[in-house]
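In: got a predicted model here, sequence first, then my questions.
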There are 2 protein chains.
Amino acid sequence: MPQTHPPDCPGCAAPDLAFAAHDHAHCAADALARAEAVTAANNSRLTPVRRRVLEILLEDHRALGAYDVLARLAADGFGNQPPVAYRALEFLVEQGLAHRIQRLNAFTACAHPGEAHAPAFLICRACHSVAEAEAAPAREALDREAGRLGFAIERTTLEALGLCPSCKAAA
Amino acid sequence: MPQTHPPDCPGCAAPDLAFAAHDHAHCAADALARAEAVTAANNSRLTPVRRRVLEILLEDHRALGAYDVLARLAADGFGNQPPVAYRALEFLVEQGLAHRIQRLNAFTACAHPGEAHAPAFLICRACHSVAEAEAAPAREALDREAGRLGFAIERTTLEALGLCPSCKAAA
DNA sequence: CTTGACCTGTTATGATATTACATACATAGA
DNA sequence: TCTATGTATGTAATATCATAACAGGTCAAG
């Protein structure tokens, strides 16, 4: 897989990679490269544990529980106490490199690192894949409703459970 | 507080009770009466434990953890093991009489029992009150985004964290 | 008055998450 | 280079949230 690639790379242009067939090795490598850039820009450090956690999350478009991540870390010779995983995950979330899925108490790698966004998540109840969808329209709708009640929204959790295209076809 | 009240009751007409000054005793009594009606209509039973859990949730417009509910139950002479609380809460959620707030791992009484709805929740990070907002517009926006990706949404979790009117004014 | 469905109680355990403290590492300033 | 500082990691202990499995009770239909 190339460390650099053309700006019109079809993989990167795909609106959503989780449900579409795509060159996943590229997808993951690209996310990792972006992560390097993001952390450098933020003066934060993508240390070995943090990098490894991101790699683990990038293995597929699923959400992993903290203890699943921890088990993988321990197998790789890192510490095997919960804070090791939770701290790395928290770091990645802060940096916008991963997201927490509230419904699953689990974490997934960000599909669009570096781009400011607060996505909505589409969670397939059959294959457990997780995709990011554009949340802006829904967020605006919520803002309108909240404004009516005088409530000032700061952060939103938008998660949808359902069937992804392939599982829908299979059913 | 009246056991019955006019259909144009101002309390019931309030678009959202959580953030607005209102006759809360009335609000709670009304919700309880509706709960009786809903369970009767569904051929399910609002037993003493379940009723008591609902009363506890109705004490204010907040979300309570299962163990908080459990402590209250135990103090009232009900069982004090987790399943007692979880089962009653699960029942209330199934009947549409309570909602689970994913972000808080907690439960809140439904503000509009009997009306079919899948609300969005507005959670004040300062006073921890929880209000229900109309989710339909946001849900439709999500449906459009999901449709674009071929994803079929079945259920959504829409939760917003921010400041309620009074906490916003105080800040 | 018994059967079957459902509800409640209890024990035990599993799953998720945090606090507190000790140690190690990176790096900037003396 | 040395050392002080901030930051990161390791570990133990514990807190918090949730469920499985089974025993006993209640109640209404047959």
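Out: That came in fine, so what should we check first? Computed from a predicted model, the values in this text were never measured in an experiment.

In: can you show me the strands along chain A?
Out: A:98-101, A:106-109, A:120-124, A:130-133, A:152-163 (DSSP state E).

In: quick one: the longest one to chain centroid distance?
Out: Going back to what we said before, that points to strand A:152-163. 14 Å (CA atoms, centre = their mean, to the nearest Å).

In: that strand and DNA strand D, any residue contact?
Out: No: counting by CB under 7 Å from any atom of the strand, DNA strand D has no neighbours in strand A:152-163; the shortest distance is 14.4 Å. Bear in mind the C-beta positions are built from the backbone N, C-alpha and C, glycine included.

In: redo the strands of chain A as CSV? Include distance to residue B:163, mean neighbour count and mean pLDDT.
Out: CSV is the format used below for the strands of chain A (distance: least, CB to CB, whole Å; neighbours: other CB atoms under 10 Å in any protein chain shown; pLDDT from 0 to 100):
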stretch, distance to residue B:163, mean neighbour count, mean pLDDT
strand A:98-101, 22, 22, 98
strand A:106-109, 27, 25, 98
strand A:120-124, 22, 26, 98
strand A:130-133, 27, 25, 96
strand A:152-163, 5, 20, 97
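
In: need these in a markdown table (columns: distance to residue B:121).
Out: Shown next, in a markdown table, are the strands of chain A (distance: least, CB to CB, whole Å):
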| stretch | distance to residue B:121 |
| --- | --- |
| strand A:98-101 | 17 |
| strand A:106-109 | 21 |
| strand A:120-124 | 15 |
| strand A:130-133 | 20 |
| strand A:152-163 | 9 |
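
In: of all the ones you listed, which one is nearest residue A:142?
Out: Of all those, strand A:152-163 sits nearest to residue A:142, with 6.2 Å by CB to CB.

In: list the strands paired with the closest one, with their directions.
Out: Within its sheet, strand A:152-163 is paired with strand A:120-124 (parallel), strand B:152-163 (antiparallel), according to DSSP bridges.

In: for DNA strand D, what are the nearby residues on chain A?
Out: A:44-45, A:47-50, A:78-84, A:87-88, A:91.

In: give me the buried entries from those residues.
Out: A:49-50, A:78, A:84, A:88, A:91 (16 or more other CB atoms under 10 Å in any protein chain shown).

In: what's the closest of the residues you listed to chain B?
Out: residue A:91 (20.5 Å; CB to the nearest CB).

In: verify the stated contact: that closest one with residue A:44.
Out: Yes: counting by CB atoms under 8 Å, residue A:44 is a contact partner of residue A:91 at 7.5 Å.

In: thinking again about what came up before, just the residues of chain A next to DNA strand D: which are in helices?
Out: A:48-50, A:82-84, A:87-88, A:91 (DSSP state H).

In: re the thing from before, same list, the strands paired with strand A:152-163, but as JSON lines with distance to residue A:68 please.
Out: Shown next, in JSON lines, are the strands paired with strand A:152-163 (distance: least, CB to CB, whole Å):
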{"stretch": "strand A:120-124", "distance to residue A:68": "16"}
{"stretch": "strand B:152-163", "distance to residue A:68": "21"}
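
In: for residue B:124, find the nearest of these.
Out: strand B:152-163 (6.0 Å).

In: alright, I will stop here.
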